[in-house]
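J.: One predicted model, sequence on top.
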There are 2 protein chains.
Amino acid sequence: MLDAAVGCLAEIGWAGSTVDLVAERAGVSRDAARHHFPTREALFTAAVLHVSESRMAETRRRAAKLPRGPARTEAVVRMLVETYQGTEFAAAVQLWAAAANDPALRSHVLPLEERMDREAHRAALELLDADESVPGVRESVQATLDLARGMGLAGLLADDRARRGRVIAQWARTLDGVLTGR
Amino acid sequence: MLDAAVGCLAEIGWAGSTVDLVAERAGVSRDAARHHFPTREALFTAAVLHVSESRMAETRRRAAKLPRGPARTEAVVRMLVETYQGTEFAAAVQLWAAAANDPALRSHVLPLEERMDREAHRAALELLDADESVPGVRESVQATLDLARGMGLAGLLADDRARRGRVIAQWARTLDGVLTGR
């Protein structure tokens, strides 16, 4: 049901996304769906959190296998950027855009955003083997996540992966310099 | 009328934004409004382009007064980031999010996005006094704009300007190193 909710949000946006529609798509009865998710806000924020967490967990698993060394930084940046692409990110943008004009939704989305940011920051620090006590490291890791978010928005309407690849390669070189204190 | 359209889009989103509503807000007759802008797509893309261009022109004017030297890079990065904040950016996000699920709107928004990206890139190169023939410079300038876009999205729901300021200061140091070939 949570995957169906994310697909629904990404495809048709907040205005048309309802608990009943998601129940229908997921093959769940309306009553059962409404029992678990009494409001649209509850369903769609839970769904975006769920896919974001599974995606970040998968990134951690894949990145854990990468050998240490100079190529690791670039591979990790590439993976972090990928977590802000595709259906999951498209769904999140729909939710963020709707929350900007809807106080009830916004009060659900703000803690969700905070939690997702905190988890992304922690994962990035770990995977980049980053030491936050080194000056500039914390900010450079945050900048990497802002970059990834910006690339997600750039990739929302058009496939710009070739450009993105070149920017990531250069970004990873400078980030590696900061991480290693060069 | 274009400013009213941007305010309308930022405040109530694409679903509720119509030519008639903007005409009413701008104190223009419906007939005149419909004559100039026969479709919603035409009105709102023209409006987002207009405010984006005036904002970038203002950034150029302000940045041109900055003295050359190490502090200039940070000041310019700060200004570029600011062009992706506020009502103008909130309106653009509403348009982008709606275009993701609406082919008619998307065909208007894609050329608009391309044009805005091209102009932002050109302005950034000029203001940063960047030489694209130096390896890594082109990509680092593009990264600056992706970063700015990501910070815009982060700033859509919550005011995170303190965090943003620290990240900008660090990125400007790194970027300055790339620009000066250090």
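T.: It's in. Keep in mind the model is a prediction, meaning the values are calculated, not measured.
J.: Now do the contacts for the residue lying closest to A:Ala63 once chain neighbours are set aside.
T.: Computed as Cβ to Cβ, 6 or more residues apart in numbering or on different chains, the closest residue to A:Ala63 that is not its neighbour in sequence is A:Leu127, at 4.5 Å. Every C-beta, even on glycine, is put in place using the N, C-alpha and C of the backbone. The neighbourhood of A:Leu127, defined by Cβ atoms under 8 Å, 6 or more residues apart in numbering or on different chains, consists of A:Thr59, A:Arg60, A:Ala63, A:Ala64, A:Val76, A:Met79, A:Leu80.
J.: how does it look with 10 Å?
T.: By Cβ atoms under 10 Å, 6 or more residues apart in numbering or on different chains, the contact set of A:Leu127 is A:59-60, A:62-64, A:66, A:72-73, A:75-77, A:79-80, A:141.
J.: So which of these are in strands?
T.: In strands, judged by DSSP state E, none of these are found.
J.: and the two most separated of the residues you listed?
T.: Based on Cβ to Cβ, the longest span within the contacts of A:Leu127 runs between A:Arg62 and A:Val141 and measures 18.6 Å.
J.: So the residue nearest to A:Ala63 versus B:Glu114, what's the distance?
T.: Using Cβ to Cβ, to the nearest Å, A:Leu127 is found at 33 Å from B:Glu114.
J.: any idea which helix or strand carries A:Ala169?
T.: Using DSSP states H and E, A:Ala169 sits in helix A:161-179.
J.: Packing partners of that helix?
T.: helix A:70-82, helix A:137-154, helix B:137-154, helix B:161-179 (3 or more Cβ pairs under 10 Å, 6 or more residues apart in numbering or on different chains; DSSP states H and E).
J.: Could you dump the ones you listed into TSV and include distance to A:Ser52?
T.: Below are the helices and strands packed on helix A:161-179 laid out as TSV (distance: least, Cβ to Cβ, whole Å):
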stretch	distance to A:Ser52
helix A:70-82	13
helix A:137-154	12
helix B:137-154	14
helix B:161-179	20
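J.: Let me know which of those is the nearest to B:Gly27.
T.: Of all these, it is helix B:137-154 that lies closest to B:Gly27, at 30.1 Å by Cβ to Cβ.
J.: residue contacts, the nearest residue to A:Glu132 once chain neighbours are set aside?
T.: Residue nearest to A:Glu132 in three dimensions, not counting chain neighbours: A:Arg138, with 4.7 Å by Cβ to Cβ, 6+ apart. By Cβ under 10 Å, 6+ apart, A:Arg138 lies in contact with A:His121, A:Leu125, A:Ala130, A:Asp131, A:Glu132, B:Arg166, B:Val167, B:Gln170.
J.: out of the residues you listed, who has the most neighbours?
T.: Most neighbours among the contacts of A:Arg138, by other Cβ atoms under 10 Å in any protein chain shown: B:Val167, with 25 neighbours.
J.: can you pull the contacts of that one?
T.: Each residue near B:Val167 by Cβ under 10 Å, 6+ apart is listed here: A:138-146, B:77, B:81, B:147, B:150-151, B:154, B:160.
J.: Then A:Trp14?
T.: Counting by Cβ under 10 Å, 6+ apart, A:Trp14 touches A:8, A:40, A:44, A:91, A:94-99, A:101-102, A:105, B:13, B:15, B:97.
J.: If we use 8 Å, what do you get?
T.: A:Phe44, A:Gln94, A:Leu95, A:Ala97, A:Ala98, A:Leu105.
J.: Which members of those residues additionally contact chain B?
T.: A:Gln94, A:Ala97, A:Ala98 (Cβ under 8 Å from any Cβ of the partner chain).
J.: how about TSV for these, with secondary structure and neighbour count added?
T.: Below are those laid out as TSV (DSSP: H, G, I helix; E, B strand; the rest coil; neighbours: other Cβ atoms under 10 Å in any protein chain shown):
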residue	secondary structure	neighbour count
A:Gln94	helix	27
A:Ala97	helix	25
A:Ala98	helix	24
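J.: just curious, which of these is nearest to B:Met1?
T.: Set against B:Met1, the nearest of the ones next to chain B among the contacts of A:Trp14 by Cβ to Cβ is A:Ala97 (23.1 Å).
J.: Could you check how far that closest one is from B:Glu41?
T.: Taken as Cβ to Cβ, the span from A:Ala97 to B:Glu41 is 17 Å.
J.: Counting neighbours, what do you get for A:Ala15?
T.: Using other Cβ under 10 Å, A:Ala15 has 14 neighbouring residues.
J.: What values do phi and psi take at it?
T.: Backbone torsions of A:Ala15, given as degrees, to the nearest 10, read phi -60, psi -40.
J.: list the contacts for it?
T.: Applying Cβ under 8 Å, 6+ apart to A:Ala15 gives the contacts A:Ala98, B:Gly13, B:Ala15.
J.: Repeat that for A:Arg164.
T.: Counted by Cβ under 8 Å, 6+ apart, A:Arg164 has contacts A:Val81, A:Met151, A:Ala154, A:Gly155.
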